[in-house]
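give me the fold of what follows.
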Amino acid sequence: QGFGDFQKQLADFKGRLHETIPDFHNTPKRISALEAAIKADAFGRCKNVAAEIDFVLSRKDEADKLLKLHASGDIPERITHNDTKANNILIDDLSGESICVIDLDTVMPGLSLYDFGDMVRSGTNPAEEDEINLDRVGMRFDMYEGFYDGFICAAGEVLTEAEKEMLPFSAKLITLEIGTRFLTDYLMGDIYFKTKRPNQNLDRCRTQFKLVESIEAQMNKMMALL
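Residues are numbered from 1 along each chain as shown. Reported below is the predicted structural model:
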């Protein structure tokens with residue numbers, strides 16, 4: 001609800017903010033970066049991740065779906081937070097209601113679906129981001145339903161029909177994108193995401209892809225809720 005209210009409050013903002021991180025959620029470019037890392041195979045790691053590479057490339061055709069809807073005018077550019085996890089909301093201890101959004105360093109132009117998708121990615125999976133036991137990974141539908149209800153309750157009146165229709169897909173896309181980034185970093189020698197142990201980025205990647213599968217398996221329920 002807090003992140004939905006953030007969208008509602010900024011829906012009539014005049015002008016355009018600076019793009020802090022250009023193409024931050026440009027999924028096709030993230031996949032292109034993966035393909036470049038595969039071609040270079042600088043650390044000889046491609047042989048370890050054939051299944052993960054196939055996982056991404058088999059979904060490549062969907063990667064530009066939101067960008068096409070934006071280009072056609074169906075989905076407007078908005079101001080987005082880009083780090084929509086639970087600890088970036090101040091919550092009142094007594095009422096349980098959100099007070100405000102914090103941690104604004106990545107606030108910039110984007111699509112509302114980026115924020116919703118990342119909220120679902122980070123908030124519905126009970127496992128750690130680098131979980132090794134993938135049986136623990138999955139999207140809790142009750143959590144998804146709570147995120148959806150809160151977001152729509154707060155932002156529904158300013159969202160277009162196309163934005164609303166793409167909310168379930170956004171969860172899949174952003175999760176796939178983050179997993180792709182982890183896989184790319186693994187192939188490039190772990191140069192972007194900090195790691196504390198060998199193969200941590202690979203484990204992060206596999207966790208995200210297992211979550212994608214869970215989202216895909218529940219897509220009919222997500223659409224029915226919509």
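
quick check on the residue located most distally from the centre of the chain: phi, psi?
Taking Cα atoms, centre = their mean as the measure, the residue most remote from the mean C-alpha position of the chain is residue 94, 30.3 Å away. Main-chain dihedrals, residue 94, degrees, to the nearest 10: phi -80, psi -50.

read off the pLDDT value for it.
The model reports residue 94 with a pLDDT of 95.

residue 185 is in contact with residue 33, correct?
No: Residue 33 lies out of contact with residue 185 (Cβ atoms under 8 Å); the separation is 9.6 Å. To be clear about C-beta, it is placed using only N, CA and C from the backbone, and glycine gets the same treatment.

please verify my assumption that residue 152 contacts residue 4.
Yes: using Cβ under 8 Å, residue 152 is in contact with residue 4, at 7.0 Å.

residue 33 and residue 185 - which one has more neighbours?
The residue with more neighbours, out of residue 33 and residue 185, is residue 185; 22 against 18, by other Cβ atoms under 10 Å.

dump the residue contacts of the more buried one.
The contact partners of residue 185, by Cβ atoms under 8 Å, 6 or more residues apart in numbering, come to 191-193, 201.

in a helix, it, correct?
Yes: under DSSP: H, G, I helix; E, B strand; the rest coil, residue 185 falls within a helix.

roughly how far does it sit from residue 27?
Distance, residue 185 to residue 27, using Cβ to Cβ, to the nearest Å: 16 Å.

one more: residue 62?
9 Å.

again, but for residue 16
Counting by Cβ to Cβ, the gap from residue 16 to residue 27 is 22 Å.

what does stretch 211-222 contact?
With Cβ under 8 Å, 6+ apart as the criterion, stretch 211-222 contacts 55, 59, 120-121, 125, 137-139, 141, 144, 148, 167-168, 171-172, 175-176, 179.

switch the cut-off to 6 Å
When contacts are defined by Cβ atoms under 6 Å, 6 or more residues apart in numbering, stretch 211-222 is touched by residues 125, 137-139, 141, 168, 171-172, 175-176.

quick one: mean pLDDT for it?
Mean per-residue pLDDT for stretch 211-222: 98.

any buried residues in that stretch, and which?
Neighbour-count burial for stretch 211-222 flags 211-216, 218, 222 (criterion: 16 or more other Cβ atoms under 10 Å).

burial measure for the residue nearest to residue 126 when sequence neighbours are not counted, as a count.
Nearest residue to residue 126, sequence neighbours excluded (Cβ to Cβ, 6 or more residues apart in numbering): residue 140, at 6.3 Å. By the criterion of other Cβ under 10 Å, residue 140 has 14 neighbours.
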